[in-house]
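A.B. asks: coords please:
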Amino acid sequence: MLDIKFLRENPETVKENIKKKFQDQKLPLVDEVIALDEENRAAKGEVEALRAKRNKASKTIGALMAKGEKEEAERVKAEISKEGDKIDELTARVNELEEKIKKIMMTIPQIIDPSVPIGKDDSENVEIQKYGDPVVPDFEIPYHTEIMESFDGIDLDSARKVAGNGFYYLMGDIARLHSAVIAYARDFMIDRGFTYCVPPFMIRSDVVTGVMSFAEMESMMYKIEGEDLYLIGTSEHSMIGKFIDTILPEEKLPQTLTSYSPCFRKEKGAHGIEERGVYRIHQFEKQEMIVICEPEESPIWFDKLWQNTVDLFRSLDIPVRTLECCSGDLADLKVKSLDVEAWSPRQKKYFEVGSCSNLGDAQARRLKIRISSADGNKHLAHTLNNTVVAPPRMLIAFLENNLKADGSVAIPKALRPYMGGAEEIKKKRNGK
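C.D. replies: Below you'll find the predicted structure:
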């Protein structure tokens, strides 16, 4: 969310930013919120003047009563009573205006970083770099659910009966592989100096609206009926929410946390054949990383965060590439974002496995996350987040890139300690 003062002083900059994000329908909101802000400040000024007048009149009443001039004192009291009614009326209007201003300001997008490429949607994202050599083997690679089924590793039919579409049972070696990847990712981030955390898996509405846009909230979040609680769509929401209404001494920064959680998402809309199976689902688990830091340090941390994900995937023999997200593909709170995509030998293309975002002071402004400097001044922090790894989607890339001609799957050296020392997992069907 932008600073209202910045918008008031730089309306054309805000409008140009809206155009860069191809959200022209929001352009009238800038002038609307400026008009509401002007009315709001005028009303507040009038309230302050009336209160000052009332305070002065109260002293006059005291002096009149002391002199025994009760009749005059009563006359002044009557005037004060009228002023009180006016103050109440104006205060109610101020509250109404501030609510309208807040609602509009929460829909106006954050100013994007100058380095962000301009484009309408994810089709115009820009490839930055490839890591590892993408290989297409000389044998056919089955669809990922078929690979899992060859290990007796997945049961989608039973999951549909129990919970409906978008859910799964992982079994045996595939379930163990899933947990091994999460445990490896946890230790990988701890070794890089991040503090491990298991957060609440439900958050209140004030945290939800503090960490995401209304559009994201509507498309993603599951609401707990009858309670002010939502199931988290990613642990980033809960982790950033940990610092709500907090003043952090500058010597306590940066805050670098890595967290495990299950994640729950509506995933509205129809999806294509490549999103069957466990690609796009309502429930999954994820290892996440977040940083809260000084504003001038957030670009440095942005590069460190996405590099962590690249390094983790390469340690598991999975080729990846990085993509700079264009302006139209950025959520409203994001200043800059970069996707990490893994190579799919079966599809002969890359697909998203992680997303790194710098949100500037947007979340900090909404959640009141501030930094106290040594000189006693306070300013807003910057927040960043990035996916470490999110199986079972990550398992698609893992299985395809480590599949051997005989149907077995090689276990990279880094992951073997988490798989009981096994160097491979072997088929249990169709070729046993």
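
A.B. asks: wait, what's in contact with I182?
C.D. replies: Listed by C-beta atoms under 8 Å, 6 or more residues apart in numbering, the contact partners of I182 are 260, 285, 287, 389, 391. Where C-beta positions appear, they are placed from N, C-alpha and C, glycine not excepted.

A.B. asks: before we move on, what about Y131?
C.D. replies: 310, 313-314, 319-322.

A.B. asks: Which one of the residues you listed is nearest to P345?
C.D. replies: Distance to P345 across the contacts of Y131 (C-beta to C-beta) is lowest for P319, with 9.1 Å.

A.B. asks: My guess is the closest one contacts K130. True?
C.D. replies: Yes: with contact defined as C-beta atoms under 8 Å, P319 counts as touching K130 (7.0 Å).

A.B. asks: Looking at the two, which one has more neighbours?
C.D. replies: Using other C-beta atoms under 10 Å, the more surrounded residue of P319 and K130 is P319, with 20 against 14.

A.B. asks: any idea how far Y260 lies from D88?
C.D. replies: Distance of Y260 to D88, computed by C-beta to C-beta, to the nearest Å: 51 Å.

A.B. asks: and those two? which has more neighbours close in?
C.D. replies: Y260 (18 against 11).

A.B. asks: what about that one, distance to M289?
C.D. replies: From Y260 to M289 the distance is 11 Å (C-beta to C-beta).

A.B. asks: same question, D303
C.D. replies: 13 Å.

A.B. asks: So for those two, which sits in the more crowded spot?
C.D. replies: M289 (27 against 12).

A.B. asks: And what about that one, helix, strand or coil?
C.D. replies: Taking DSSP: H, G, I helix; E, B strand; the rest coil as the rule, one finds M289 in the strand state.

A.B. asks: Could I get the full set of strands for the stretch 51-200 of the chain?
C.D. replies: Counting by DSSP state E, counting those that start in this stretch, the stretch 51-200 of the chain has strands at residues 126-131, 154-155, 169-170, 195-197.

A.B. asks: Touching the second one from outside, list them.
C.D. replies: Translated: strand 154-155. 145, 148, 168-171, 174, 277-278.

A.B. asks: how about 6 Å then?
C.D. replies: Outside strand 154-155, the residues within contact range by C-beta atoms under 6 Å, 6 or more residues apart in numbering are 145, 148, 169-170.

A.B. asks: Give the buried residues for the helix or strand encompassing F302.
C.D. replies: F302 is part of helix 298-315 when elements are defined by DSSP states H and E. Applying a neighbour-count criterion of 16 or more other C-beta atoms under 10 Å, the buried positions in helix 298-315 are 298-299, 301-302, 304-310, 312-313.

A.B. asks: Follow the chain on from that helix and name the next helix or strand.
C.D. replies: Note on helix 298-315: by DSSP H and E, the next helix or strand toward the C-terminus is strand 320-324.

A.B. asks: So which elements touch that next one?
C.D. replies: Packing partners of strand 320-324 (3 or more C-beta pairs under 6 Å, 6 or more residues apart in numbering; DSSP states H and E): strand 126-131, strand 336-344.

A.B. asks: Any idea which of these gets closest to E250?
C.D. replies: Taking C-beta to C-beta, strand 336-344 is the member of the helices and strands packed on strand 320-324 nearest to E250, at 23.3 Å.

A.B. asks: remind me which residues of the stretch 101-250 of the chain are low pLDDT?
C.D. replies: Along the stretch 101-250 of the chain, the model assigns pLDDT under 70 to no residue.

A.B. asks: give me that answer again for 80
C.D. replies: 213-219 (pLDDT under 80).

A.B. asks: N358 touches S298, doesn't it?
C.D. replies: Yes: with contact defined as C-beta atoms under 6 Å, N358 counts as touching S298 (5.3 Å).

A.B. asks: how about the helices and strands packed on strand 320-324 in JSON lines, adding distance to G45?
C.D. replies: Shown next, in JSON lines, are the helices and strands packed on strand 320-324 (distance: least, C-beta to C-beta, whole Å):
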{"stretch": "strand 126-131", "distance to G45": "48"}
{"stretch": "strand 336-344", "distance to G45": "38"}
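
A.B. asks: Tell me which of the ones you listed lies nearest to S205.
C.D. replies: Checking the helices and strands packed on strand 320-324 against S205 by C-beta to C-beta gives strand 336-344 as the closest, at 24.8 Å.

A.B. asks: got the CA coordinates for the helix or strand just after the closest one in PDB?
C.D. replies: If you walk from strand 336-344 toward the C-terminus, the next helix or strand you reach (DSSP H and E) is strand 349-358. Only the C-alpha atoms of strand 349-358 are listed here, as PDB (Å, rounded to 0.1, in the frame of the first residue of the first chain):
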ATOM      1  CA  LYS A 349      10.200 -26.900 -21.400                       C
ATOM      2  CA  TYR A 350      10.600 -25.200 -18.000                       C
ATOM      3  CA  PHE A 351       7.800 -24.800 -15.500                       C
ATOM      4  CA  GLU A 352       7.500 -22.700 -12.300                       C
ATOM      5  CA  VAL A 353       8.600 -24.200  -9.000                       C
ATOM      6  CA  GLY A 354       9.300 -21.100  -7.000                       C
ATOM      7  CA  SER A 355       8.700 -17.300  -6.800                       C
ATOM      8  CA  CYS A 356      10.900 -14.700  -5.100                       C
ATOM      9  CA  SER A 357       9.300 -11.300  -4.300                       C
ATOM     10  CA  ASN A 358      10.400  -7.900  -2.900                       C
END
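
A.B. asks: contact partners of strand 349-358?
C.D. replies: Taking C-beta under 6 Å, 6+ apart as the rule, strand 349-358 contacts 298, 302, 305-306, 309, 321, 334-344, 384-387, 394, 397.
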